[in-house]
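Engineer: Sequence first, predicted model second:
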Amino acid sequence: MAPRVEHLVTSGQFSLDGGTWDVDNNVWIVGDDHEAIVIDAAHDADAIAAAVGDRRLAAIVCTHAHNDHIDAAPALAERTGATIWLHHDDLPLWAQTHPDREPDAWLVDGQVIEAGGADLRVLHTPGHAPGAVCLYDPGLATVFTGDTLFQGGPGATGRSFSHFPTIIDSIRDRLLTLPPETKVLTGHGDSTTIGAEAPHLQEWIARGH
(Lines give C-alpha, C1' and ligand atoms only; values in the text may rest on other atoms or scores of the structure.)
Protein backbone atom coordinates (compact mmCIF):
# COMPACT_ATOMS: atom_id res chain seq x y z
CA MET A 1 0.00 0.00 0.00
CA ALA A 2 1.44 3.34 -1.04
CA PRO A 3 1.99 5.92 1.68
CA ARG A 4 0.01 9.13 1.69
CA VAL A 5 0.39 12.56 3.23
CA GLU A 6 -2.35 14.05 5.39
CA HIS A 7 -2.49 17.66 6.54
CA LEU A 8 -3.80 19.17 9.75
CA VAL A 9 -3.67 22.82 10.83
CA THR A 10 -3.48 23.55 14.55
CA SER A 11 -3.46 26.93 16.27
CA GLY A 12 -1.60 28.22 19.30
CA GLN A 13 1.24 30.53 20.26
CA PHE A 14 4.92 30.85 19.45
CA SER A 15 7.11 32.30 22.21
CA LEU A 16 10.79 33.23 22.07
CA ASP A 17 13.03 36.02 23.36
CA GLY A 18 10.26 37.42 25.57
CA GLY A 19 7.67 37.78 22.79
CA THR A 20 4.56 35.75 22.02
CA TRP A 21 2.66 35.53 18.73
CA ASP A 22 -0.49 33.70 17.61
CA VAL A 23 0.35 31.13 14.94
CA ASP A 24 -1.22 28.45 12.76
CA ASN A 25 0.98 25.39 12.26
CA ASN A 26 0.97 22.68 9.61
CA VAL A 27 1.04 19.18 11.07
CA TRP A 28 1.90 16.47 8.54
CA ILE A 29 0.94 12.80 8.92
CA VAL A 30 2.73 10.38 6.60
CA GLY A 31 1.92 6.70 6.30
CA ASP A 32 -0.63 4.09 5.25
CA ASP A 33 -3.73 2.56 6.81
CA HIS A 34 -1.73 0.78 9.51
CA GLU A 35 1.22 2.95 10.53
CA ALA A 36 2.12 6.62 10.45
CA ILE A 37 4.66 9.29 11.34
CA VAL A 38 3.71 12.73 12.64
CA ILE A 39 5.92 15.64 11.59
CA ASP A 40 5.76 18.49 14.15
CA ALA A 41 3.23 17.82 16.92
CA ALA A 42 1.96 21.37 17.26
CA HIS A 43 -0.47 22.70 19.88
CA ASP A 44 -3.24 20.08 19.97
CA ALA A 45 -2.45 16.47 20.90
CA ASP A 46 -6.16 15.55 20.83
CA ALA A 47 -6.66 16.73 17.25
CA ILE A 48 -3.48 15.04 16.06
CA ALA A 49 -4.36 11.76 17.80
CA ALA A 50 -7.82 11.87 16.24
CA ALA A 51 -6.29 12.35 12.78
CA VAL A 52 -3.94 9.40 13.32
CA GLY A 53 -6.90 7.29 14.43
CA ASP A 54 -6.30 3.63 15.19
CA ARG A 55 -3.04 3.47 13.25
CA ARG A 56 0.23 2.75 15.04
CA LEU A 57 2.12 6.02 15.46
CA ALA A 58 5.74 5.00 14.93
CA ALA A 59 7.42 8.37 15.39
CA ILE A 60 6.93 12.03 16.17
CA VAL A 61 9.63 13.84 14.19
CA CYS A 62 10.42 17.44 15.15
CA THR A 63 11.80 19.62 12.36
CA HIS A 64 13.14 21.92 15.08
CA ALA A 65 12.43 22.76 18.71
CA HIS A 66 10.64 26.09 18.66
CA ASN A 67 7.78 25.67 21.11
CA ASP A 68 5.02 25.90 18.50
CA HIS A 69 6.37 22.80 16.74
CA ILE A 70 6.91 20.63 19.84
CA ASP A 71 4.44 21.74 22.52
CA ALA A 72 2.08 18.79 22.00
CA ALA A 73 4.78 16.17 21.39
CA PRO A 74 5.10 14.70 24.92
CA ALA A 75 1.34 14.41 25.36
CA LEU A 76 0.98 12.74 21.97
CA ALA A 77 3.86 10.39 22.73
CA GLU A 78 2.37 9.44 26.10
CA ARG A 79 -0.96 8.67 24.49
CA THR A 80 0.40 6.66 21.55
CA GLY A 81 3.74 5.24 22.67
CA ALA A 82 5.47 6.95 19.74
CA THR A 83 9.14 7.90 19.86
CA ILE A 84 9.99 11.63 19.79
CA TRP A 85 12.91 12.44 17.45
CA LEU A 86 14.89 15.69 17.46
CA HIS A 87 18.32 16.81 16.27
CA HIS A 88 20.62 17.12 19.29
CA ASP A 89 21.70 20.67 18.37
CA ASP A 90 18.18 21.87 19.24
CA LEU A 91 18.19 20.47 22.77
CA PRO A 92 18.68 23.95 24.35
CA LEU A 93 15.53 25.18 22.56
CA TRP A 94 13.64 22.01 23.49
CA ALA A 95 14.52 22.50 27.15
CA GLN A 96 12.87 25.93 27.16
CA THR A 97 9.51 24.22 26.55
CA HIS A 98 10.03 20.79 28.10
CA PRO A 99 12.73 21.10 30.80
CA ASP A 100 11.78 17.83 32.48
CA ARG A 101 11.59 15.54 29.46
CA GLU A 102 14.17 15.00 26.75
CA PRO A 103 13.33 13.59 23.30
CA ASP A 104 13.59 9.82 22.98
CA ALA A 105 16.02 9.69 20.06
CA TRP A 106 18.36 11.95 18.13
CA LEU A 107 18.07 12.69 14.44
CA VAL A 108 21.29 12.40 12.45
CA ASP A 109 21.92 13.82 8.99
CA GLY A 110 21.45 11.12 6.35
CA GLN A 111 19.44 8.66 8.44
CA VAL A 112 16.16 7.32 7.08
CA ILE A 113 13.04 6.98 9.22
CA GLU A 114 10.76 4.31 7.81
CA ALA A 115 7.10 3.74 8.65
CA GLY A 116 3.86 3.15 6.79
CA GLY A 117 5.66 2.79 3.47
CA ALA A 118 7.39 6.16 3.79
CA ASP A 119 11.17 6.63 3.77
CA LEU A 120 11.98 10.02 5.28
CA ARG A 121 15.63 10.98 4.82
CA VAL A 122 16.93 13.47 7.37
CA LEU A 123 18.64 16.57 5.96
CA HIS A 124 20.28 18.72 8.63
CA THR A 125 19.48 22.30 7.58
CA PRO A 126 20.56 24.70 10.34
CA GLY A 127 19.87 28.42 10.21
CA HIS A 128 16.35 28.94 11.51
CA ALA A 129 17.47 26.86 14.47
CA PRO A 130 20.77 25.00 15.07
CA GLY A 131 19.16 21.57 14.86
CA ALA A 132 16.63 22.30 12.14
CA VAL A 133 16.05 19.40 9.75
CA CYS A 134 14.09 18.75 6.59
CA LEU A 135 12.67 15.33 5.70
CA TYR A 136 12.86 14.17 2.09
CA ASP A 137 10.97 11.20 0.68
CA PRO A 138 12.05 10.57 -2.94
CA GLY A 139 9.19 8.12 -3.49
CA LEU A 140 6.65 10.79 -2.57
CA ALA A 141 8.66 13.48 -4.39
CA THR A 142 8.15 15.56 -1.27
CA VAL A 143 10.31 17.41 1.24
CA PHE A 144 8.96 18.57 4.60
CA THR A 145 10.86 21.75 5.36
CA GLY A 146 9.55 22.89 8.75
CA ASP A 147 10.52 26.56 9.02
CA THR A 148 13.63 26.34 6.82
CA LEU A 149 11.99 27.09 3.46
CA PHE A 150 8.58 28.61 2.76
CA GLN A 151 6.69 29.69 -0.31
CA GLY A 152 8.56 32.90 -1.05
CA GLY A 153 11.76 32.40 0.85
CA PRO A 154 13.73 31.29 3.89
CA GLY A 155 12.43 30.99 7.41
CA ALA A 156 12.98 33.82 9.88
CA THR A 157 16.46 34.36 11.31
CA GLY A 158 15.96 37.43 13.48
CA ARG A 159 15.78 35.71 16.87
CA SER A 160 18.00 33.71 19.20
CA PHE A 161 19.70 30.56 17.89
CA SER A 162 19.19 31.62 14.23
CA HIS A 163 21.64 32.81 11.54
CA PHE A 164 20.82 34.12 8.06
CA PRO A 165 23.99 33.05 6.16
CA THR A 166 23.61 29.56 7.60
CA ILE A 167 20.00 29.14 6.46
CA ILE A 168 20.97 30.34 2.97
CA ASP A 169 23.76 27.75 2.83
CA SER A 170 21.35 25.03 4.01
CA ILE A 171 18.73 25.90 1.41
CA ARG A 172 21.23 26.22 -1.44
CA ASP A 173 23.24 23.08 -0.64
CA ARG A 174 20.63 20.72 0.77
CA LEU A 175 17.24 21.72 -0.70
CA LEU A 176 17.71 23.45 -4.05
CA THR A 177 19.72 20.43 -5.22
CA LEU A 178 16.56 18.29 -5.02
CA PRO A 179 14.57 17.64 -8.21
CA PRO A 180 12.60 20.75 -9.24
CA GLU A 181 9.27 18.91 -9.16
CA THR A 182 9.76 18.09 -5.45
CA LYS A 183 6.81 19.33 -3.38
CA VAL A 184 7.77 21.56 -0.45
CA LEU A 185 5.43 21.07 2.51
CA THR A 186 6.14 23.76 5.08
CA GLY A 187 5.67 24.35 8.79
CA HIS A 188 3.30 27.27 8.23
CA GLY A 189 1.31 28.52 5.26
CA ASP A 190 1.05 27.27 1.69
CA SER A 191 3.06 24.59 -0.04
CA THR A 192 5.35 25.19 -3.01
CA THR A 193 7.93 23.30 -5.09
CA ILE A 194 11.71 23.35 -5.29
CA GLY A 195 11.42 24.50 -8.90
CA ALA A 196 9.28 27.48 -7.92
CA GLU A 197 11.68 28.65 -5.21
CA ALA A 198 15.10 27.92 -6.72
CA PRO A 199 15.22 30.90 -9.14
CA HIS A 200 14.88 33.37 -6.25
CA LEU A 201 17.98 32.44 -4.24
CA GLN A 202 19.94 35.55 -5.20
CA GLU A 203 16.95 37.77 -4.35
CA TRP A 204 16.80 36.26 -0.87
CA ILE A 205 20.52 36.80 -0.37
CA ALA A 206 20.20 40.44 -1.43
CA ARG A 207 17.18 40.93 0.83
CA GLY A 208 19.05 39.51 3.79
CA HIS A 209 21.89 42.02 3.70
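Structural biologist: Great, that's in hand. Numbering: from 1, shown residues only.

Engineer: Going by C-alpha atoms from here, please, whenever you check contacts or count neighbours.
Structural biologist: Noted.

Engineer: Might you list the low-confidence residue ranges for the protein?
Structural biologist: Applying pLDDT under 70 to the chain flags the ranges 209.

Engineer: From G189, how far off is W21?
Structural biologist: Distance, W21 to G189, using C-alpha to C-alpha, to the nearest Å: 15 Å.

Engineer: Kindly report the same for G81.
Structural biologist: Counting by C-alpha to C-alpha, the separation of G81 from G189 is 29 Å.

Engineer: got it, and G153?
Structural biologist: In terms of C-alpha to C-alpha, G153 sits 12 Å off from G189.

Engineer: do the same with A77
Structural biologist: From A77 over to G189 (counting by C-alpha to C-alpha), the distance is 25 Å.

Engineer: So these two - more neighbours on which side?
Structural biologist: Shown here are A77 and G189; by other C-alpha atoms under 10 Å, A77 has more neighbours (20 against 13).

Engineer: mind listing what the more buried one touches?
Structural biologist: 60, 83-84 (C-alpha atoms under 8 Å, 6 or more residues apart in numbering).

Engineer: part of a helix, is it?
Structural biologist: Yes. If the criterion is DSSP: H, G, I helix; E, B strand; the rest coil, then A77 is within a helix.

Engineer: where's it relative to D190, distance?
Structural biologist: 27 Å.

Engineer: Over to N26?
Structural biologist: When distance is defined by C-alpha to C-alpha, N26 is 9 Å away from D190.

Engineer: Show me which of these two is the more surrounded one.
Structural biologist: More crowded of N26 and D190, by other C-alpha under 10 Å: N26, with 22 against 12.
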